[in-house]
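Undergrad: fold the stuff below for me.
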Amino acid sequence: MEFIDLPPMLRAVGEVRLPGSKSISNRVLLLAALAEGTTRVEALLDSDDTRVMRDALVALGVGLQQEGDTLVVTGCGGRFPNARADLFVGNSGLSIRTLVPAVVASLAGCGDADAAVRLSGVPRMHERPIGDLVDGLAQLGARVDWLGQPGFPPLALRPAPLAAETVSVRGNVSSQFLTGLLQAAPLVARDTPLVIVVEGELISRPYVEITLNLMARFGVQVERDGWSRFVVPTGQHYVSPGRIVVEGDASTASYFLAAGALGGGPLRVKGAGRGSIQGDVRFADALAEMGAQITWGEDWIEARAPESGRLKGIDLDLNHIPDAAMTLAVAALVADGPSHLRNIGSWRVKETDRIAAMATELRKLGATVEEFPESLRITPPARLQPAVIDTYEDHRVAMCFSLATLCGTSLRINDPKCVNKTFPGYFETFAGITAPVPVVAIDGPSASGKGTVAARVAQALGFAHLDSGSLYRIVALTAIRRGVALDDEPTLAAIATDLPARFEGDRVMLEGDDVTEAIRSEACSVGASRVAALPTVREALFWRQRAYRRAPGLVGEGRDMGSVVFPDAPVKIFLTASVEARAERRYKQLMDKGMPANMADLLKDLRERDARDAQRAAAPLKQEEDAVLLDTSDMSVEQAVAFVLERAAILKG
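TA: Residues are numbered from 1 along each chain as shown. From the prediction side, this is the model:
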């Protein structure tokens, strides 16, 4: 599986121009296709979901022409030219839920009795309910054939006369059902008005507001009685406004506004503000409830961290911003107490069961999560832990969890290309407004002096120090002390995962105990070699090493710091020395400690270690192309430290 590794971030600041709104883009595409005349659509979102809608319209015979950044749509006046088509909608719920009513209405006047339009999608789409929408269309006389499980795609639509009277639809599953019926209504209400009655509570009302607003832009007015009854009068039809500009995506704005709140800011999003027709701009109000500092403009919003320095736990009904509410779940990871996100039951019928998915992934980071049918309660951990985040082919899971890197942890996000559904350039944009915790990676052969140099560089920079080689020795020492067999891989991996080790200058501490000398014993050396050969131990220590990357920075030394553990380190040093120089240093160290030493044996041992390190299958020791070579054969420690600090000066500037 493809993945992207994200380091912990120091801050988030800057400005982001939002991509076009998915909600507006797909509505505008369909309305322009149904209208009379030609519509020039500007700032249209280019993503998987909008491509699905564009491809479907082309298959139905609608003329689309790209002119630079503008899409020219030649409307069909309410009747699609092609009455026989196979439409693939991917996993775009909005596309299928608006296309189905529009196609049904278009086919009502079709003279080809054998005409049929089939709609299908990815496997997840075939699990997303559409039965309530089809039941509503059936009340008008629509003819729909289920091609798989009844109530779910795929399905086929066939010509049938429609009676424009009253149709009812449930409001508590998806507001897109109502949007689909509303957008198709003018095609049905030719002779008599069409009344749409909403059964139960209507969720996601701001999205229906977008629908009504855009329908009015295309010349159709809808009368409504609160949120329970909508009337589309006769005699109306869609007419192109000539030109329409798509607003920036307010749902996408949530990630960057939260980034400003979590990463200090100020971070401004442009393309949506107080003049927006999108309800998701109200996410900024929810963020303000958590203590974030929010400033509004007509077409921009800006977020900063709370004055107190920490977000507050919240208890909110988020029915009005279900998509953006996912971002609050990640922000809750660093709140000052639990957060309860309520009335989000619609998450369960989205690209995945988002309540279950978010609960699972939040727990990986250390949070305590209580999952309810229509809500989540999130209790933040004392410290976030590194994690591998699964995204369930859901773009919003990928984007919102990237924000956890602003909470002090590193992440691996699986299937990052799922963001192409709404924002193909998301991770590049995120990288542009964030600053990673810096790393100085020092790699080199045994006895090259990298440990001493790394400790002093870390002290000079005020960074943490990681002696990666000692971690394997500490695992072995811990196992020996606890009486764990050195081939008990599951237990050893658990030890490696929770290793309470830290490095203070040139001292190695384990659970408050100075084990600098203990880990150099022959038993630990032999044990380290054995545990290092265990794949699950290496995997656990990989993430354990990444966990040392915390603000303000890290100096890591070992054999694969710059190649495997921190490949994005801005400063990489390959520190080496001749085997003779290294043997002499090791000889002096042993003699100073009153330990026996033999120069010939030391030379032999170092040459054998060099050969093993260079030839090992996993991350062989070698100088990376972007690493600076530092040969310390004729250098003092002070000179070597000065050399590294000179290269590391970029981290302070």
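Undergrad: pLDDT below threshold where in the stretch 451-600 of the chain?
TA: In the predicted model of the stretch 451-600 of the chain, no residue satisfies pLDDT under 70.
Undergrad: swap the cut-off to 80 and go again
TA: 505-506, 522, 525-526, 529, 581-583, 585-595, 597-599 (pLDDT under 80).
Undergrad: tell me where it has strands.
TA: Assigned by DSSP state E, counting those that start in this stretch, the strands in the stretch 451-600 of the chain fall at 464-467, 501-504, 507-510, 513-514, 554-558, 571-576.
Undergrad: among the ones you listed, which is nearest Pro233?
TA: Within the strands of the stretch 451-600 of the chain, the stretch nearest Pro233 is strand 554-558; the backing value is 66.6 Å (Cβ to Cβ). C-beta coordinates here come from the backbone N, C-alpha and C atoms, glycine included.
Undergrad: which strands border that closest one, and is each parallel or antiparallel?
TA: strand 439-443 (parallel), strand 464-467 (parallel) (DSSP bridges).
Undergrad: quick one: contacts of that strand?
TA: Residues outside strand 554-558 that contact it (Cβ atoms under 8 Å, 6 or more residues apart in numbering) are 437-444, 450-451, 453-455, 457-458, 461, 463-469, 545, 548-549, 565-566, 569, 575.
Undergrad: beta partners for the nearest residue to Asp285 once chain neighbours are set aside?
TA: Computed as Cβ to Cβ, 6 or more residues apart in numbering, the closest residue to Asp285 that is not its neighbour in sequence is Ile294, at 7.6 Å. Beta-bridge pairing for Ile294 (DSSP bridges): Ala303.
Undergrad: what distance do you get for Ile294 to Pro570?
TA: Relative to Pro570, Ile294 is positioned 33 Å away (Cβ to Cβ, to the nearest Å).
Undergrad: now stretch 551-569: buried residues?
TA: Applying a neighbour-count criterion of 16 or more other Cβ atoms under 10 Å, one finds 553-566, 569 buried in stretch 551-569.
Undergrad: ends of that stretch, what's the gap?
TA: End-to-end distance of stretch 551-569 (Cα to Cα, to the nearest Å): 14 Å.
Undergrad: now do it: distance to the chain's middle.
TA: In this view, stretch 551-569 has its centroid 24 Å away from the chain centroid, taken as Cα atoms, centre = their mean, to the nearest Å.
Undergrad: burial count for Gly111?
TA: 7 (other Cβ atoms under 10 Å).
Undergrad: oh, that last question was meant for Ser521, not what I typed.
TA: 15.
Undergrad: can you check Pro186 too?
TA: Neighbour tally, Pro186, other Cβ under 10 Å: 27.
Undergrad: helix or strand for it, which one?
TA: Using DSSP states H and E, Pro186 sits in helix 175-188.
Undergrad: what is that helix packed up against?
TA: Helix 175-188 is packed against helix 22-34, helix 93-107, helix 131-138, strand 166-170, strand 194-199, helix 205-217, strand 229-232, with contacts defined by 3 or more Cβ pairs under 8 Å, 6 or more residues apart in numbering; DSSP states H and E.
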